[in-house]
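Trainee: Quick one, fold the following:
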Amino acid sequence: MTARKTTRKKSSKKGAEAHFTTPTGEEVPYHLPLLATSEIVPFPGVVMSLLVRLGEGVHALTEAGDSANDFLVLGTFFGAEEVESPKPEEINSIGVLGKVLRTVALPDGTVKALVQGVTRVRLTEIQLGAAQLECRIEPLFASKHLELDEEQHELLSGILENIRVLVDSEYFPEEMLVLAENAEGPDELTDVLVAHHQLDLVAGQPFLDETDPIARLQLLEELLAESLSRYYLTERLRDQAEERLNAEQREYLLRSQLRMIQQELGETNEDDVEGLEELEELLAETKLPPKVRKEADKQFSRLSRMPSESSEYALLRTYLEWITDLPWGKRSRERLDLKRANTILTREHYGLEKVKERIIEYLSVRKLRRDPEGPILCFVGPPGVGKTSLGRSIANATNREFVRISIGGVRDEAEIRGHRRTYVGALPGRIIQGLKQAGTKNPVIVLDELDKIGADFRGDPSSALLEVLDPQQNTEFTDHYLNVPFDLSQVMFIATANTVDTIPNALLDRLEVIDLSGYTREEKLHIADRYLVPRQLDKNGLGKFSITFDKTAILEIIDSYTREAGVRNLEREIGRLCRKIARGYAEGKQRKRKVTVEYVKASLGPTKYDPEATEEDSAIGLVKGLAWTTVGGELLPIEASVASGKGVLHLTGRLGEVMQESGRAALFYTRANAKALGLDENFHEQVDIHVHLPDGATPKDGPSAGIALVTALVSVLSKRRVVKDIAMTGEITLRGNVRRIGGLKEKALAALRYGISKVIIPYENIKDLEEIPKQQRKKIKFLPVKHVSEVLELALLDSPRTKKKAPQKRRTKAPLTKRRSP
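Mentor: As a prediction, this is how the structure comes out:
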């Protein structure tokens, strides 16, 4: 910034403007530039510093600087500082004649001016000049020799006495008393003292508008009385603080003496004393909320008076150590960089585009709205699809700490809320333990295996989780062990589950479910090539060697040694191969550089799954159903057979109640429509029917096997074969309607794994085909149906209708040698 010395310009129009003489003997015209301000209240006899930002004010300073005596008028108006040109009627009628002592131009275009108030003036006329406001004024000179009566003298003496009190108490500087005693009359006294208070426009304008000096003295007395009241209040608060401090010092001194007496009596040892001192320092350094501070001080006071041999001593000390270890005020600096988050998710996870998109949307909302309210994400999918690792990626993307809490199998409510301190071995719940592990109050906490939470006589943990996961309640989550509230609102909770069927409805209502379906064969290949193989090579010490896996070798592992929705077993098999290679390097016998299909077969042994072996010829009573389990989609073979009997239906294979009901509904539909299906209407009186689902050790349940059960029954009763390369899924009603099912994507991927090219689905599930990747969707022919009659027409061979219309030549195409008896 550069300082500019104002230059004086002699007026060339002599006698054109009337002048008046100031108390200092300077000639001032009645017509002057006007500088209106809403920042300060000007007063005569006071030097004021002004910062002029707007154009008209700068022009007023410029014109004053170009005039003969550097004079202008300071006026006030009630309005915003940014108002560039106040209206004349908005400007107060009483202002101050000011003399510009110095101006400094700042780099940003503003001007800093030093102006001395000379006298009050009345603004009789205000008009807008060429570039700034101008006004005509009437000077209001102060009376220096004012005669005061006895009452007015007492008023003035009281004001001076109040000023002495405030100066003696160091509330006012000593210069204020000097100025007050040397003031020439009430006018100068009030103006100087009021200007020192630096009042705003609302409080200071009455002192400027009041032209009667005695009335201004009365206003000044009220102002000083308020200052005295504030001073006395401050002193009282300071005295109370000192008394409290003295009491604390006295307590500290007495406690120190008590410890010394206990040491002399042998009732304590130095280690306990040092431990208590360290604990006291930790409590003092830890930033605790007021409620927690009160409880901690209370318990420490008890601890300090308690002998170390007492059984409660260790419990209290452990409790206070937990208080100091928790992150009451520590938090990670959260980063919500969406581009960075997307990069991390893409780098650490292949595929799952819809899931990544939902996570980015979730982080976008948190970026725009920082409050903790919002749904809790719940990743639902089969094992090994990356649910927990997605939570870890979110923590990396947001720069938060990551904590995983497994609550599968938890049956005790105290595992969530903590045990009360009255119990032996009591500890806080897993939520508080996780926060201690994280070291911050805003980590990402993954609640793993939420669907496997239990309940018994010790309480319901899912009910305790309602408070943890509810943003309206978890701001004051109270653990039974701590017995003080802890704010969980800044924690980002993410739950994982294999299915939502076993999650209580009240808890599920607080979750936003994001489905993670199984991986396709191609996705598993990319995941293995990009993530699993490099990770297992590094894990087994082979990272420094140039070892490669043929894609055909990886596909051989996928097809013949694993059959899962995720990639957990795939990584396990790759790890087995890497360990065999590592052994060869360690023994110096075989240094394998490339893993081929032959090496996979030689190292992993006989195949566990043979896709070709699952392809059955067209058979009677054998139907391929599709199931959606917690580990993904699976093929569900259904076998039906009949024998002489009295119509008894046997259902075996560890079927759940819902699937048994589907079997009974299928049988009733078959009986009710026996004539239309070409069956003996009295078959139920002649034969017993047995329906079996292999893999009897695995529980099976659900309604989606309804059409498969009907097809198996009709096939075995009519001696018609089932198409070999067709699978089906759909729920039936007693009227034969086919209802919508869930998990279509997982079931379709299971069909692909078993080499099935046609899948019968409910017509209502057509819209769900969009969830299946386009590449996999092209490999399967989906056959939507509305009624079970359409299913039978598509799935059964040699139907009566076909025999009548089809030529004899077509019947001979199916070799008789491949027929199988029921």
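
Trainee: how about the helices in the stretch 451-600 of the chain?
Mentor: 461-469, 505-508, 521-527, 533-539, 551-560, 568-587, 597-604 (DSSP state H, counting those that start in this stretch).

Trainee: Where is the longest helix in the chain?
Mentor: As assigned by DSSP state H, the longest helix anywhere in the chain is helix 213-265.

Trainee: What helices and strands are in contact with it?
Mentor: Packing partners of helix 213-265 (3 or more Cβ pairs under 8 Å, 6 or more residues apart in numbering; DSSP states H and E): helix 150-168, helix 186-197, helix 201-209, helix 270-285. All C-beta spots, glycine's among them, are computed from the backbone N, C-alpha and C.

Trainee: Now render those helices as CSV, adding distance to Gln433.
Mentor: Shown next, in CSV, are the helices and strands packed on helix 213-265 (distance: least, Cβ to Cβ, whole Å):
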stretch, distance to Gln433
helix 150-168, 58
helix 186-197, 57
helix 201-209, 56
helix 270-285, 19
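
Trainee: Save the ones you listed as JSON lines, and put in mean pLDDT and distance to Gly381 too.
Mentor: Output for the helices and strands packed on helix 213-265, formatted as JSON lines (pLDDT from 0 to 100; distance: least, Cβ to Cβ, whole Å):
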{"stretch": "helix 150-168", "mean pLDDT": "78", "distance to Gly381": "74"}
{"stretch": "helix 186-197", "mean pLDDT": "79", "distance to Gly381": "70"}
{"stretch": "helix 201-209", "mean pLDDT": "82", "distance to Gly381": "65"}
{"stretch": "helix 270-285", "mean pLDDT": "76", "distance to Gly381": "44"}
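
Trainee: Out of the ones you listed, flag the one nearest Pro762.
Mentor: With distances scored as Cβ to Cβ, the stretch of the helices and strands packed on helix 213-265 nearest to Pro762 is helix 270-285 (64.4 Å).

Trainee: what element comes up after that closest one heading to the C-terminus?
Mentor: Going down the chain from helix 270-285, the next helix or strand is helix 290-304, by DSSP states H and E.

Trainee: Which neighbouring elements make contact with the helix or strand following that next one?
Mentor: Using DSSP H and E, the helix or strand that follows helix 290-304 towards the C-terminus is helix 311-325. Contacts defined by 3+ Cβ pairs under 8 Å, 6+ apart place helix 311-325 against helix 270-285, helix 290-304, helix 430-438.

Trainee: most neighbours per residue, which of the helices and strands packed on helix 213-265?
Mentor: Mean neighbour count (mean count of other Cβ atoms under 10 Å) peaks for helix 186-197 among the helices and strands packed on helix 213-265, with a mean of 22.

Trainee: Residues contacting that helix from elsewhere in the structure, which ones?
Mentor: Residues from elsewhere that reach helix 186-197 (Cβ atoms under 8 Å, 6 or more residues apart in numbering): 41, 43-46, 48, 117, 142-144, 146, 148, 156, 159, 163, 172, 176, 179-180, 183, 204, 207, 213-214, 216-217, 219-220, 223-224, 227.

Trainee: residues in contact with the closest residue in space to Pro206 that isn't next to it in sequence?
Mentor: The spatially closest residue to Pro206, leaving aside those adjacent along the chain, is Leu219, at 6.4 Å (Cβ to Cβ, 6 or more residues apart in numbering). Leu219 is in contact with Thr190, Pro206, Phe207, Glu210, counting by Cβ under 8 Å, 6+ apart.

Trainee: try 10 Å
Mentor: Thr190, Val194, Pro206, Phe207, Glu210 (Cβ atoms under 10 Å, 6 or more residues apart in numbering).

Trainee: correct me, but Gly647 touches Phe668?
Mentor: No. Taking contacts as Cβ atoms under 10 Å, Gly647 lies outside contact range of Phe668: 11.6 Å.

Trainee: Name the residues contacting each of these two.
Mentor: His684.

Trainee: on that earlier part again, would you mind giving the helices of the stretch 451-600 of the chain as TSV with mean neighbour count added?
Mentor: Below are the helices of the stretch 451-600 of the chain laid out as TSV (neighbours: other Cβ atoms under 10 Å):
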stretch	mean neighbour count
helix 461-469	21
helix 505-508	14
helix 521-527	18
helix 533-539	18
helix 551-560	19
helix 568-587	17
helix 597-604	16
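
Trainee: Tabulate those (JSON lines), appending distance to Arg740.
Mentor: Shown next, in JSON lines, are the helices of the stretch 451-600 of the chain (distance: least, Cβ to Cβ, whole Å):
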{"stretch": "helix 461-469", "distance to Arg740": "29"}
{"stretch": "helix 505-508", "distance to Arg740": "20"}
{"stretch": "helix 521-527", "distance to Arg740": "26"}
{"stretch": "helix 533-539", "distance to Arg740": "40"}
{"stretch": "helix 551-560", "distance to Arg740": "31"}
{"stretch": "helix 568-587", "distance to Arg740": "31"}
{"stretch": "helix 597-604", "distance to Arg740": "41"}
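
Trainee: ok, back up a step: among the helices and strands packed on helix 311-325, which is nearest Ala414?
Mentor: Evaluated with Cβ to Cβ, the helices and strands packed on helix 311-325 place helix 430-438 nearest to Ala414, the distance being 9.8 Å.

Trainee: If you count contacts, what does the closest one end up packed against?
Mentor: helix 311-325, strand 402-406, helix 414-417, strand 444-448, helix 461-469, strand 485-486 (3 or more Cβ pairs under 10 Å, 6 or more residues apart in numbering; DSSP states H and E).

Trainee: between the fourth one and helix 430-438, how many degrees?
Mentor: In this case it means strand 444-448. On the basis of axes from the mean of the first three to the mean of the last three Cα atoms, to 10 degrees, strand 444-448 is oriented at 140 degrees to helix 430-438.

Trainee: Which strands and helices lie in contact with strand 444-448?
Mentor: With contacts taken as 3+ Cβ pairs under 10 Å, 6+ apart, strand 444-448 sits against strand 376-380, helix 387-398, strand 402-406, helix 430-438, helix 461-469, strand 492-497.

Trainee: From the contact counts, what lies against the longest one?
Mentor: When contacts are defined as 3+ Cβ pairs under 10 Å, 6+ apart, helix 387-398 sits against helix 338-348, helix 353-368, strand 376-380, strand 402-406, strand 444-448, strand 492-497.

Trainee: I'd like to know which of the ones you listed lies nearest to Ile137.
Mentor: helix 353-368 (55.1 Å).

Trainee: Quick one: residues in contact with that closest one.
Mentor: Contact with helix 353-368 is made by 334-339, 341-342, 345-346, 349, 352, 372, 374-375, 377, 379, 381, 385-387, 390-391, 393-394, 397-398, 492, 494, 512, 514-517, 771, 773, as judged by Cβ under 10 Å, 6+ apart.

Trainee: So of the contacts of Leu219, which two are at opposite extremes in space?
Mentor: Largest pairwise distance in the contacts of Leu219, by Cβ to Cβ, is 11.3 Å, between Thr190 and Pro206.

Trainee: what sits in contact with each of the two?
Mentor: What both Thr190 and Pro206 touch, as defined by Cβ under 10 Å, 6+ apart, is the set Ala215, Arg216, Leu219.

Trainee: What pairs with the helix or strand hosting Val100, parallel or antiparallel?
Mentor: Assessed by DSSP H and E, Val100 sits inside strand 94-105. Strand pairing for strand 94-105, using DSSP bridges, gives strand 2-4 (antiparallel), strand 71-76 (antiparallel), strand 111-128 (antiparallel).
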